[in-house]
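**Student:** My questions concern the predicted model and sequence given below.
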Amino acid sequence: MAVRNYGKNQIIAKQENITLIKSLLYRYGPLSRAQIAEMLELTPPTITNITAELITDGILQEIPDQPGEKTGKAGRHPVLLDYVPDAKYALGISLGRDRTHYCICDLKGNMAVKGEEKVMPADYGRMMQSLCRLIDSVRDSHPDLWNRLIGIGVAVPAVVDAHTGTVCQIDSHRSSWQNQRPADEIAERYGLPVRIENNVRARTILLSLFYPEAVAGCDSFVLCYASWGIAGPMILQNRSVRGEYGAAGEIGHMVMDPVSGKTLEEFSSLRYVLKTAGELLKEGKAPVLAEICSDPEKLTVDHIHQAQTAGDADIGRLMDSAMHYMGTALANIISFMNPDLIVLGGPMFALEQNRNTAEQVMRRYSYSADTDHTQIRYVFFDEYGGAAAAAAVCLDKYFVR
């Protein structure tokens, strides 16, 4: 007797519809029930029933008509739905190269709590002790928020298998973190779900949830984040592209010189720029930079930008070269995946002239039927961007999906 396949059962179908509605409200909310039904191609009764449950659960709220607003249409204004911001929270922690930042975000990305501490120890065991002390402090200082946490997100500068919570690859300084599963240890200790993610990939989720205007109208985009290292994680049809071991988008390791084997990071990263600028100072070059900061060991990206803006020819050539290679890498990305949008972020793109140089090179070399199709946008991430991204990853995993 043949087994008939009637498709997904009602429970699974309902859960998928809830996920679709939540995602839609993050991207385009607030929305009316009719708009949600039309955009998802679901029946109005289905939307009404699901949103009624979410309102009862305190997740969604009806937005009252704003006095004086003109819609251009006669009759009753549609009732819009949006999140109740403080219905749930997520704790986000960013284990950065120089500092550790943390924040508690509500459903709309507003930070109820934020703070920073010194960089975590390189030894894995000591790092976990310090991290747990930090989490203990947050829990004890904010018990009301803690009781409404949906989970904890942790962003690390490493290749991560987010499904298993394993740190797969990290710099040699923190090699003892490799092949460890900190998410499991934290979850067991605190009884909360924990999501660990690469620090730049996490920012793509941050854009999707908390910066929808930055990716408006684009279901596929690349975030090119240029800092100490360079990464380019991809969102394809609203899903993160991870690759087999979570290393997709590590464009900093793209070989740019086949003779020497040098990678993009060896031509365009902040690490390379600071090292090269320091060598220029030792050679008696970069005179404007020397007036701003004469000590190669104390150089920062702000010093570089100041010197570039002030017309230091040596630093100008250094940054032009870095942006030329960056633009070439972006052209390769367009030729390979033809994204709707490339978002630029990180300190290397802080100056508009650098962004313009990279974009000009990108459009010169990219192969596309329409060389202007791919949009370029810049997003500024402040010092808490990594922590907010970690919170967003947690909300995406344990609330939206």
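**Tutor:** Thanks, I have it. These numbers come from a predicted model, not from an experiment.
**Student:** can you list the residues that contact stretch 363-381?
**Tutor:** With contacts defined as C-beta atoms under 8 Å, 6 or more residues apart in numbering, stretch 363-381 is touched by 203, 207, 211, 214, 218, 327-328, 330-331, 334-335, 338-346, 349-350, 352, 355, 359, 362. Heads up, the C-betas are built off the backbone N, CA and C, glycines and all.
**Student:** can you pull out the helices in the stretch 151-300 of the chain?
**Tutor:** Applying DSSP state H, counting those that start in this stretch to the stretch 151-300 of the chain gives helices spanning 182-190, 199-210, 265-268, 270-282, 287-292.
**Student:** Lowest mean pLDDT among the helices and strands of this structure, which one is it?
**Tutor:** In the chain, no helix or strand scores lower on mean pLDDT, DSSP states H and E than strand 239-241, which sits at a mean of 81.
**Student:** partners of that strand, with directions?
**Tutor:** Sheet neighbours of strand 239-241, with direction, are listed as strand 234-236 (antiparallel) (DSSP bridges).
**Student:** Which positions in the partner strand come out as buried?
**Tutor:** 234-235 (16 or more other C-beta atoms under 10 Å).
**Student:** send the alpha carbons of stretch 335-347 over as PDB?
**Tutor:** The C-alpha atoms that make up stretch 335-347 are tabulated as PDB, following Å, rounded to 0.1, in the frame of the first residue of the first chain:
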ATOM      1  CA  SER A 335      31.700  38.500 -10.500                       C
ATOM      2  CA  PHE A 336      31.300  35.400  -8.500                       C
ATOM      3  CA  MET A 337      27.900  35.900  -6.700                       C
ATOM      4  CA  ASN A 338      26.400  39.200  -8.100                       C
ATOM      5  CA  PRO A 339      24.900  40.400  -4.800                       C
ATOM      6  CA  ASP A 340      22.200  43.100  -4.600                       C
ATOM      7  CA  LEU A 341      24.200  45.000  -2.100                       C
ATOM      8  CA  ILE A 342      27.600  45.300  -0.500                       C
ATOM      9  CA  VAL A 343      27.700  46.900   2.900                       C
ATOM     10  CA  LEU A 344      31.000  48.400   3.900                       C
ATOM     11  CA  GLY A 345      31.900  48.500   7.600                       C
ATOM     12  CA  GLY A 346      34.900  48.700   9.900                       C
ATOM     13  CA  PRO A 347      37.600  51.400  10.600                       C
END
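**Student:** Tally up the residues packed near the closest residue to V160 other than its chain neighbours, please.
**Tutor:** Distances taken as C-beta to C-beta, 6 or more residues apart in numbering place N198 nearest to V160, at 4.9 Å, with adjacent residues excluded. Neighbourhood size, N198 [other C-beta atoms under 10 Å]: 29.
**Student:** okay, the helices of the stretch 151-300 of the chain in TSV with distance to G115 next?
**Tutor:** Shown next, in TSV, are the helices of the stretch 151-300 of the chain (distance: least, C-beta to C-beta, whole Å):
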stretch	distance to G115
helix 182-190	18
helix 199-210	18
helix 265-268	30
helix 270-282	25
helix 287-292	31
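**Student:** Of those, give the one that comes closest to D314.
**Tutor:** Ranking the helices of the stretch 151-300 of the chain by proximity to D314 (C-beta to C-beta) places helix 270-282 first, at 5.3 Å.
**Student:** Check what contacts the closest one and list those residues.
**Tutor:** 226-229, 265-266, 286, 289-290, 294, 296-297, 299-301, 303-304, 314-315, 318-319, 322, 346-348.
**Student:** distance between that helix and the chain's centre?
**Tutor:** 28 Å (C-alpha atoms, centre = their mean, to the nearest Å).
**Student:** Stretch 302-311 now?
**Tutor:** On the basis of C-alpha atoms, centre = their mean, stretch 302-311 sits 27 Å off its chain's mean C-alpha point.
**Student:** buried stuff in that stretch?
**Tutor:** Within stretch 302-311, the residues scored as buried using 16+ other C-beta under 10 Å are 303-308.
**Student:** Equivalent analysis for stretch 174-183, please.
**Tutor:** Buried residues in stretch 174-183, counted by 16+ other C-beta under 10 Å: 174, 176-178, 180, 182-183.
**Student:** Now go through those residues and say which are in strands.
**Tutor:** Secondary structure defined by DSSP state E assigns none of the buried residues of stretch 174-183 to strands.
**Student:** Report the separation between the residue nearest to V160 and G386.
**Tutor:** Per C-beta to C-beta, to the nearest Å, N198 is found 11 Å from G386.
**Student:** any common contacting residues for these two?
**Tutor:** The contact sets of N198 and G386 overlap at A155 (C-beta under 8 Å, 6+ apart).
**Student:** Which members of the contacts of helix 270-282 occur in strands, if any?
**Tutor:** Among those, the ones falling in strands (DSSP E) are A226.
**Student:** Report the buried members of the contacts of helix 270-282.
**Tutor:** Those of the contacts of helix 270-282 that meet the buried threshold are 226-229, 265-266, 286, 289-290, 296, 299, 301, 303-304, 314-315, 318-319, 322, 346-348, by 16+ other C-beta under 10 Å.
**Student:** mind checking the longest helix of the chain?
**Tutor:** Longest helix in the chain by number of residues (criterion: DSSP state H): helix 313-337.
**Student:** Check which helices and strands that one sits against.
**Tutor:** On a contact count with 3 or more C-beta pairs under 8 Å, 6 or more residues apart in numbering; DSSP states H and E, helix 313-337 meets strand 221-226, helix 265-268, helix 270-282, helix 287-292, helix 301-309, strand 341-345, helix 352-365.
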